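A.B. asks: prediction below, plus the sequence it came from.
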Amino acid sequence: MDLSNATVAKFPIKVHLTIFTYGGIAGHTFDCLVDELGYAAMHGVEVHFQRVAEDALISRSRSYAASKFLKGPCDVMFMLDHDIQCEVGDIIKTCQKAIEAKAIVGGMYSFRSRGNGHSSRLARRLMRFPTGLDELIPAEYVASGFMAIPKASIEAVVKHESVRECLYLDGSPFWDLFRPLVVSSTTFPGKLEYLSEDWSFCHRAREVGVKQYVYALPKLKHHGDYGYTVEDGIRGN
């Protein structure tokens, strides 16, 4: 990957880059991660790398990783899932946007299926998502598979009434920031909605005054498995 034309970071930042790889990592994700680390080094962005692989419970893994970030020297945490592909510079640019906006900022990507929507929910419905534009779009919930969070935002969520200090697998303390919640649905009035771990974090963040946005610039791909059959060998695309 040619990094020579990548945009230089606007100001020095320290990024706590965490990738969650329980069950492995997609080849495309590995490639973009290596490219991004090269981009960061070329432009003087300090990256503290963390790989979380030993815990199958993603809500606990994210909570533990975020709690560890709070104790470190970095300005912003970036969460990357094992199956997300981005272009070089996307991670650092998203981190910059999060610091500038003092908000949670993530990228938009599809579920690993066709026609079933996206992993983030915007604050207002759009006919078409403007991928590729340098624009922050207000969101109700942001997916954590490609998410930047400034330290001050996580510190604010720690103070939410539902957050408690727990013990991790090794006995070390952490905050249960991503524990799933059941809340009143904003999509189906009068009904309850069981939130995923990342949307639960966003719900807590919104209640303590932290803003959240989807960054339209990254053109993300969400990779998954597909079982090809004999019939697929003769089918068209």
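C.D. replies: Looks like it arrived, so ask away. Residues are numbered from 1 along each chain as shown.
A.B. asks: alpha carbons only for contacts and neighbour counts from here, please
C.D. replies: OK.
A.B. asks: isn't D198 right up against F178?
C.D. replies: Yes: the criterion here is CA atoms under 8 Å, and D198 meets it with F178 at 6.1 Å.
A.B. asks: what sits in contact with each of these two?
C.D. replies: S59 (CA atoms under 8 Å, 6 or more residues apart in numbering).
A.B. asks: tell me which residues of the longest helix along the chain come out buried.
C.D. replies: Counting by DSSP state H, the longest helix found in the chain is helix 27-42. In terms of neighbour count (16 or more other CA atoms under 10 Å), helix 27-42 has its buried residues at H28, T29, F30, C32, L33, D35, E36, L37, G38, Y39, A40.
A.B. asks: need those residues in JSON lines (columns: pLDDT and distance to M147).
C.D. replies: Output for those, formatted as JSON lines (pLDDT from 0 to 100; distance: CA to CA, whole Å):
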{"residue": "H28", "pLDDT": "90", "distance to M147": "18"}
{"residue": "T29", "pLDDT": "92", "distance to M147": "15"}
{"residue": "F30", "pLDDT": "94", "distance to M147": "17"}
{"residue": "C32", "pLDDT": "93", "distance to M147": "15"}
{"residue": "L33", "pLDDT": "94", "distance to M147": "14"}
{"residue": "D35", "pLDDT": "95", "distance to M147": "18"}
{"residue": "E36", "pLDDT": "96", "distance to M147": "15"}
{"residue": "L37", "pLDDT": "95", "distance to M147": "16"}
{"residue": "G38", "pLDDT": "95", "distance to M147": "20"}
{"residue": "Y39", "pLDDT": "94", "distance to M147": "18"}
{"residue": "A40", "pLDDT": "94", "distance to M147": "17"}
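A.B. asks: which two of those have the greatest separation?
C.D. replies: Farthest pair in those (CA to CA) is H28 and A40. Separation: 18.4 Å.
A.B. asks: chain center to the longest helix of the chain: distance?
C.D. replies: Chain-centre distance of helix 27-42: 16 Å, with CA atoms, centre = their mean, to the nearest Å.
A.B. asks: beyond it, next helix or strand please.
C.D. replies: strand 46-52 (DSSP states H and E).
A.B. asks: just the CA trace of that next one, in PDB.
C.D. replies: This file holds the C-alpha atoms of strand 46-52, laid out as PDB (Å, rounded to 0.1, in the frame of the first residue of the first chain):
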ATOM      1  CA  GLU A  46       2.000   7.400  18.600                       C
ATOM      2  CA  VAL A  47       0.000   4.100  18.700                       C
ATOM      3  CA  HIS A  48      -0.300   1.800  21.700                       C
ATOM      4  CA  PHE A  49      -1.500  -1.500  20.300                       C
ATOM      5  CA  GLN A  50      -3.600  -4.000  22.200                       C
ATOM      6  CA  ARG A  51      -5.000  -7.300  21.000                       C
ATOM      7  CA  VAL A  52      -7.800  -9.000  22.900                       C
END
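A.B. asks: A143 sits in which helix or strand?
C.D. replies: Counting by DSSP H and E, A143 is part of no helix or strand.
A.B. asks: pLDDT score for the nearest residue to A139 once chain neighbours are set aside?
C.D. replies: Closest residue to A139 apart from its sequence neighbours, by CA to CA, 6 or more residues apart in numbering: L122 at 3.9 Å. Looking at L122, its pLDDT reads 89.
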